[in-house]
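Asker: Structure for the following, please:
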Amino acid sequence: MAPSSYAEQYIEYLSRQGKYISWEGTEAVKPEETVPVPSRSAVRRENRRERELMTAAPELPQKLVTTPMLIRSAAILIIIGALLIASVWMGAKATAIKYSMNSLNKENVQLRDEITVLGIDIEGAVSFESVATYATGNLGMVYPNKNQCFVIGEDQTVDENLVKIIREKAYGN
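Answerer: The predicted structure is shown next:
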(Lines give C-alpha, C1' and ligand atoms only; values in the text may rest on other atoms or scores of the structure.)
Protein backbone atom coordinates (compact mmCIF):
# COMPACT_ATOMS: atom_id res chain seq x y z
CA MET A 1 0.00 0.00 0.00
CA ALA A 2 1.30 3.46 -0.89
CA PRO A 3 1.83 6.03 1.83
CA SER A 4 -1.04 8.40 2.52
CA SER A 5 -0.81 12.15 2.10
CA TYR A 6 -0.23 12.48 5.85
CA ALA A 7 2.64 10.05 5.59
CA GLU A 8 4.15 11.97 2.70
CA GLN A 9 3.92 15.18 4.69
CA TYR A 10 5.54 13.44 7.65
CA ILE A 11 8.39 12.19 5.42
CA GLU A 12 8.94 15.71 4.09
CA TYR A 13 8.94 17.04 7.63
CA LEU A 14 11.56 14.53 8.72
CA SER A 15 13.75 15.08 5.67
CA ARG A 16 13.68 18.87 6.33
CA GLN A 17 14.93 18.23 9.83
CA GLY A 18 17.71 15.98 8.56
CA LYS A 19 16.13 12.69 9.66
CA TYR A 20 16.08 9.72 7.33
CA ILE A 21 13.15 7.43 6.85
CA SER A 22 12.43 4.80 4.24
CA TRP A 23 9.48 2.58 3.39
CA GLU A 24 9.55 -1.18 3.23
CA GLY A 25 6.30 -2.71 2.25
CA THR A 26 3.53 -0.99 4.19
CA GLU A 27 5.37 0.16 7.30
CA ALA A 28 7.96 2.85 7.79
CA VAL A 29 11.35 1.80 9.08
CA LYS A 30 12.66 4.29 11.63
CA PRO A 31 16.33 4.93 12.25
CA GLU A 32 17.98 3.80 15.48
CA GLU A 33 16.83 6.82 17.43
CA THR A 34 13.23 7.41 18.13
CA VAL A 35 11.72 10.35 16.33
CA PRO A 36 8.65 11.98 17.83
CA VAL A 37 5.70 11.96 15.46
CA PRO A 38 4.19 15.43 15.02
CA SER A 39 0.48 15.88 14.82
CA ARG A 40 -1.25 16.65 11.56
CA SER A 41 -1.94 20.20 12.65
CA ALA A 42 1.77 20.77 13.43
CA VAL A 43 2.77 19.55 9.97
CA ARG A 44 0.14 21.78 8.37
CA ARG A 45 1.32 24.79 10.39
CA GLU A 46 4.90 24.07 9.34
CA ASN A 47 3.88 23.80 5.69
CA ARG A 48 1.82 27.01 5.93
CA ARG A 49 4.77 28.91 7.50
CA GLU A 50 7.10 27.68 4.77
CA ARG A 51 4.68 28.78 2.05
CA GLU A 52 4.28 32.19 3.65
CA LEU A 53 8.04 32.58 3.91
CA MET A 54 8.52 31.59 0.29
CA THR A 55 5.83 33.92 -1.03
CA ALA A 56 6.56 36.86 1.27
CA ALA A 57 8.58 39.74 -0.15
CA PRO A 58 12.08 40.04 1.24
CA GLU A 59 12.47 42.66 3.91
CA LEU A 60 13.95 45.86 2.64
CA PRO A 61 16.39 47.89 4.64
CA GLN A 62 14.78 50.68 6.63
CA LYS A 63 16.72 53.45 4.88
CA LEU A 64 16.61 53.00 1.11
CA VAL A 65 18.25 56.29 0.15
CA THR A 66 21.31 57.49 2.01
CA THR A 67 22.78 60.99 2.07
CA PRO A 68 25.80 60.12 -0.11
CA MET A 69 23.45 58.61 -2.67
CA LEU A 70 21.39 61.82 -2.73
CA ILE A 71 24.50 63.95 -3.14
CA ARG A 72 25.78 61.71 -5.95
CA SER A 73 22.40 61.80 -7.71
CA ALA A 74 22.19 65.59 -7.41
CA ALA A 75 25.72 65.98 -8.80
CA ILE A 76 24.91 63.74 -11.75
CA LEU A 77 21.71 65.69 -12.47
CA ILE A 78 23.61 69.00 -12.31
CA ILE A 79 26.26 67.71 -14.72
CA ILE A 80 23.64 66.40 -17.16
CA GLY A 81 21.76 69.72 -16.96
CA ALA A 82 24.95 71.67 -17.61
CA LEU A 83 25.73 69.50 -20.63
CA LEU A 84 22.24 70.00 -22.04
CA ILE A 85 22.43 73.78 -21.55
CA ALA A 86 25.88 73.83 -23.19
CA SER A 87 24.60 71.88 -26.20
CA VAL A 88 21.68 74.29 -26.65
CA TRP A 89 24.02 77.28 -26.34
CA MET A 90 26.45 75.78 -28.88
CA GLY A 91 23.55 75.17 -31.28
CA ALA A 92 22.49 78.82 -30.97
CA LYS A 93 26.06 80.00 -31.61
CA ALA A 94 26.35 77.72 -34.65
CA THR A 95 23.10 79.11 -36.04
CA ALA A 96 24.32 82.71 -35.56
CA ILE A 97 27.60 81.90 -37.34
CA LYS A 98 25.74 80.23 -40.22
CA TYR A 99 23.55 83.33 -40.57
CA SER A 100 26.57 85.63 -40.76
CA MET A 101 28.25 83.31 -43.27
CA ASN A 102 25.15 83.34 -45.48
CA SER A 103 25.03 87.15 -45.30
CA LEU A 104 28.69 87.40 -46.29
CA ASN A 105 28.18 84.92 -49.15
CA LYS A 106 25.25 87.00 -50.44
CA GLU A 107 27.40 90.16 -50.25
CA ASN A 108 30.21 88.35 -52.10
CA VAL A 109 27.84 87.41 -54.92
CA GLN A 110 26.70 91.04 -55.22
CA LEU A 111 30.33 92.23 -55.29
CA ARG A 112 31.22 89.67 -57.99
CA ASP A 113 28.31 90.88 -60.11
CA GLU A 114 29.46 94.49 -59.66
CA ILE A 115 33.05 93.53 -60.59
CA THR A 116 31.77 91.81 -63.72
CA VAL A 117 29.79 94.91 -64.72
CA LEU A 118 32.80 97.17 -64.08
CA GLY A 119 35.05 94.81 -66.06
CA ILE A 120 32.68 95.03 -69.00
CA ASP A 121 32.67 98.85 -68.69
CA ILE A 122 36.49 98.90 -68.61
CA GLU A 123 36.74 96.66 -71.68
CA GLY A 124 34.33 98.97 -73.50
CA ALA A 125 36.28 102.07 -72.42
CA VAL A 126 39.67 100.61 -73.39
CA SER A 127 38.63 99.23 -76.76
CA PHE A 128 40.48 100.56 -79.80
CA GLU A 129 37.45 102.34 -81.20
CA SER A 130 36.69 104.21 -77.95
CA VAL A 131 40.35 105.24 -77.51
CA ALA A 132 40.52 106.46 -81.13
CA THR A 133 37.26 108.41 -80.75
CA TYR A 134 38.43 109.99 -77.48
CA ALA A 135 41.86 110.87 -78.91
CA THR A 136 40.54 112.47 -82.09
CA GLY A 137 37.47 114.11 -80.55
CA ASN A 138 38.58 115.33 -77.12
CA LEU A 139 42.33 115.64 -77.46
CA GLY A 140 42.44 116.83 -81.08
CA MET A 141 44.89 114.17 -82.20
CA VAL A 142 45.17 113.19 -85.88
CA TYR A 143 46.59 110.19 -87.68
CA PRO A 144 50.20 110.75 -88.90
CA ASN A 145 51.02 111.33 -92.55
CA LYS A 146 53.22 109.03 -94.55
CA ASN A 147 56.24 111.29 -94.16
CA GLN A 148 55.79 111.34 -90.37
CA CYS A 149 56.15 107.54 -90.05
CA PHE A 150 59.35 105.57 -89.64
CA VAL A 151 59.53 101.96 -90.63
CA ILE A 152 62.15 99.98 -88.81
CA GLY A 153 62.96 96.49 -89.96
CA GLU A 154 65.82 94.03 -89.92
CA ASP A 155 67.13 95.06 -93.31
CA GLN A 156 67.44 98.74 -92.39
CA THR A 157 70.07 100.24 -90.21
CA VAL A 158 69.09 102.63 -87.50
CA ASP A 159 70.72 105.99 -87.17
CA GLU A 160 72.50 106.68 -83.96
CA ASN A 161 70.67 109.97 -83.76
CA LEU A 162 67.21 108.43 -84.16
CA VAL A 163 65.89 110.24 -81.12
CA LYS A 164 67.13 113.54 -82.51
CA ILE A 165 65.44 112.94 -85.86
CA ILE A 166 62.15 112.03 -84.17
CA ARG A 167 62.28 115.21 -82.08
CA GLU A 168 62.93 117.38 -85.07
CA LYS A 169 60.05 115.89 -87.02
CA ALA A 170 57.70 115.95 -84.09
CA TYR A 171 58.48 119.43 -82.74
CA GLY A 172 59.83 121.09 -85.87
CA ASN A 173 63.23 122.08 -84.40
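
Asker: only C-alpha atoms for contact and neighbour calcs from this point on.
Answerer: Noted.

Asker: Skip ahead from the least confident helix or strand in the chain by mean pLDDT and say which helix or strand is next.
Answerer: The weakest-scoring helix or strand in the chain, judged by mean pLDDT, DSSP states H and E, is strand 27-29 (a mean of 51). Of the helices and strands lying after strand 27-29 in sequence (DSSP states H and E), the nearest is helix 40-55.

Asker: Based on its surroundings, how many neighbours for residue 10?
Answerer: Look at residue 10: counted by other CA atoms under 10 Å, it has 19 neighbours.

Asker: Quick check: mean pLDDT of stretch 162-173?
Answerer: Throughout stretch 162-173, pLDDT has a mean value of 72.

Asker: Check the offset of it from the chain's centre.
Answerer: Mean C-alpha position of stretch 162-173 versus that of the full chain (CA atoms, centre = their mean, to the nearest Å) differs by 80 Å.

Asker: Grab the longest helix from this structure for me.
Answerer: Assignment by DSSP state H gives helix 67-126 as the longest helix of the chain.

Asker: quick one: average pLDDT of it?
Answerer: Mean predicted confidence for helix 67-126 is 93.

Asker: Now do it: which elements does it pack against?
Answerer: Applying 3 or more CA pairs under 8 Å, 6 or more residues apart in numbering; DSSP states H and E, one finds that helix 67-126 makes contact with no other helix or strand.

Asker: need the next SSE after that helix, C-terminal direction.
Answerer: Trace forward from helix 67-126 with DSSP H and E and the next one is helix 128-137.

Asker: any idea what residue 142 is structurally, helix, strand or coil?
Answerer: coil (DSSP: H, G, I helix; E, B strand; the rest coil).

Asker: for it, what are its contacts?
Answerer: By CA atoms under 8 Å, 6 or more residues apart in numbering, the contact set of residue 142 is residue 136.

Asker: All good on my end, thank you.
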